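Asker: Predicted model and sequence below, questions to follow.
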Amino acid sequence: MNIVPQTNQRQPIKQSILLKYMHYFSLYIVISVAMFYTISAYYKPLKHIDWSLVSIYSILAFMSYHFFVINDLNARKMNGRAMAIGFFLAYIGISIVASSFVFVIPDQRAWFVAGLLLFTGYLLSGIGLLKWAKYHKQVKKVMLHESLTDELTGLFNRRAFAVNANRELAFSVQSESDFSVMMIDIDDFKLINDRYGHTIGDEILVQISQIFDKYKGDSDSLYRWGGEEFVVLMPVTGLFEANKVANKIVSKVAENTFIADQSLKLNLTVSIGVAQWVRGESIVKNTLDRADKALYKAKATGKNAVVVADYKEDSHKPPIAEGASRQVSINQ
Ligand SMILES: Nc1nc2c(ncn2[C@@H]2O[C@H](COP(=O)(O)OP(=O)(O)OP(=O)(O)O)[C@@H](O)[C@H]2O)c(=O)[nH]1
């Protein structure tokens with residue numbers, strides 16, 4: 001058994017964040033002390049200091065500084081420092097307000113300067129907030145895209161299938177049109193991996209998925225079902241049309257020469273099972289299962305072929321859908 005030595009990679013990351021926090025905290029102490037001494041050099045302390053007000057505003061100032069730290073640490077990720085600068089200015093502004101409860105500052109100068117700083121600070125924070133919302137939206141979009149696509153081929157994955165299948169079906173039911181599914185499997189793909197290696201196999205998977213994508217119908221959606229198996233959802237498509245598309249894909253793959261690793265030429269074939277959805281059945285449990293059985297037939301009868309599932313043959317339920325009468329069995 002290959003035992004990989006455990007390395008503790010989290011420790012340095014934690015340490016570096018702690019170090020950064022220490023730097024920010026030291027800066028906070030330096031600025032606060034410097035402000036206190038500068039103000040105390042110019043103004044006398046009040047006779048009666050309201051420490052509760054001083055405490056409240058000092059806490060508010062510290063909170064603003066804390067938000068500055070958080071935003072400054074994330075500034076690069078968010079592609080902007082506006083929010084961080086905004087909170088920093090607010091921290092200075094609130095600190096000045098706190099000082100006005102300790103020192104005699106004439107002409108409401110402290111309030112004016114503090115107000116100006118707070119106004120500018122919150123304006124900048126507002127701009128930063130908009131940027132942050134935009135960044136967040138982008139991140140969510142990327143995450144959603146990544147969670148719904150297959151890393152290798154870039155096609156939709158099974159999760160996307162679960163999301164799309166019922167929506168597509170609902171549309172077909174609403175528009176009283178047919179709905180078919182196609183299950184594609186590459187023939188003897190194991191041989192490619194065994195003979196030429198997994199990397200070549202991967203290259204082939206990418207190239208072949210491009211052929212499927214090119215020759216599927218415009219309204220169809222293509223999914224990598226797993227390994228060398230693919231599924232196509234075909235809304236507004238009856239068996240006749242689905243069979244035509246499937247045969248086109250089979251012949252286009254067969255006549256294509258795949259070039260892997262720049263010069264290795266390979267020829268491949270695929271087998272396809274096609275089934276039409278019938279009212280009342282579940283796409284995954286029934287329609288796809290019938291397509292899978294049809295695919296199995298295509299494999300068992302020599303591969304490089306399309307087999308269309310006959311509803312009556314594979315199910316005990318009577319067909320209700322309008323298009324059911326057009327369903328045919330093609331045994332090759
Ligand atoms: N390179 C590569 N190979 C994969 C991937 N996923 C599955 N496979 C391979 O696909 C092959 C599937 O083999 P089988 O299920 O025996 O099917 P087959 O050789 O195509 O045989 P038939 O289906 O009967 O035509 C296995 O060798 C898997 O390792 C992948 O992402 N990349």
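Answerer: That came in fine, so what should we check first? Residues are numbered from 1 along each chain as shown.
Asker: Tell me how far the closest residue to the ligand within the stretch 201-332 of the chain lies from Asp150.
Answerer: Nearest residue of the stretch 201-332 of the chain to the ligand: Gly201, at 2.5 Å (Cβ to the nearest ligand atom). (C-beta placed from N, C-alpha, C; glycine too.) Per Cβ to Cβ, to the nearest Å, Gly201 is found 15 Å from Asp150.
Asker: Write out the residues of the stretch 1-150 of the chain neighbouring the ligand.
Answerer: Counting by Cβ under 6 Å from any ligand atom, no position of the stretch 1-150 of the chain is adjacent to the ligand.
Asker: The residue in the stretch 1-150 of the chain that the ligand sits nearest to: what's its closest spatial neighbour, skipping adjacent residues?
Answerer: Relative to the ligand, the nearest point of the stretch 1-150 of the chain is Asp150 (8.8 Å; Cβ to the nearest ligand atom). Nearest residue to Asp150 in three dimensions, chain neighbours excluded: Arg224, at 4.1 Å (Cβ to Cβ, 6 or more residues apart in numbering).
Asker: Show me how far the helix or strand where that neighbour lies is from its chain's centre.
Answerer: Assigned by DSSP states H and E, Arg224 falls within strand 221-226. Strand 221-226 sits 17 Å away from the centroid of its parent chain (Cα atoms, centre = their mean, to the nearest Å).
Asker: And for stretch 262-282?
Answerer: 27 Å.
Asker: May I have that stretch exported as PDB, CA atoms only?
Answerer: Provided in PDB are the C-alpha atoms of stretch 262-282 (Å, rounded to 0.1, in the frame of the first residue of the first chain):
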ATOM      1  CA  GLN A 262      -0.500  15.200 -32.600                       C
ATOM      2  CA  SER A 263       0.100  12.300 -35.000                       C
ATOM      3  CA  LEU A 264      -1.600   9.200 -33.700                       C
ATOM      4  CA  LYS A 265      -4.500   8.400 -36.000                       C
ATOM      5  CA  LEU A 266      -7.500   6.500 -34.600                       C
ATOM      6  CA  ASN A 267     -10.900   5.400 -35.800                       C
ATOM      7  CA  LEU A 268     -13.700   4.800 -33.500                       C
ATOM      8  CA  THR A 269     -17.400   3.900 -33.500                       C
ATOM      9  CA  VAL A 270     -20.200   4.600 -31.100                       C
ATOM     10  CA  SER A 271     -23.500   2.800 -30.200                       C
ATOM     11  CA  ILE A 272     -26.700   4.700 -29.400                       C
ATOM     12  CA  GLY A 273     -29.900   3.900 -27.700                       C
ATOM     13  CA  VAL A 274     -32.900   6.100 -28.300                       C
ATOM     14  CA  ALA A 275     -36.100   6.300 -26.400                       C
ATOM     15  CA  GLN A 276     -39.100   8.600 -26.400                       C
ATOM     16  CA  TRP A 277     -40.600   9.900 -23.200                       C
ATOM     17  CA  VAL A 278     -44.200   8.600 -22.600                       C
ATOM     18  CA  ARG A 279     -46.600  10.600 -20.500                       C
ATOM     19  CA  GLY A 280     -46.400   9.500 -16.800                       C
ATOM     20  CA  GLU A 281     -42.900   8.100 -16.800                       C
ATOM     21  CA  SER A 282     -39.800   9.400 -15.100                       C
END
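Asker: Does the ligand have contacts with it?
Answerer: No. Using Cβ under 6 Å from any ligand atom, stretch 262-282 stays clear of the ligand, with a minimum separation of 7.0 Å.
Asker: Give me the buried positions along that stretch.
Answerer: Across stretch 262-282, burial judged by 16 or more other Cβ atoms under 10 Å covers 266, 268, 270-278, 281.
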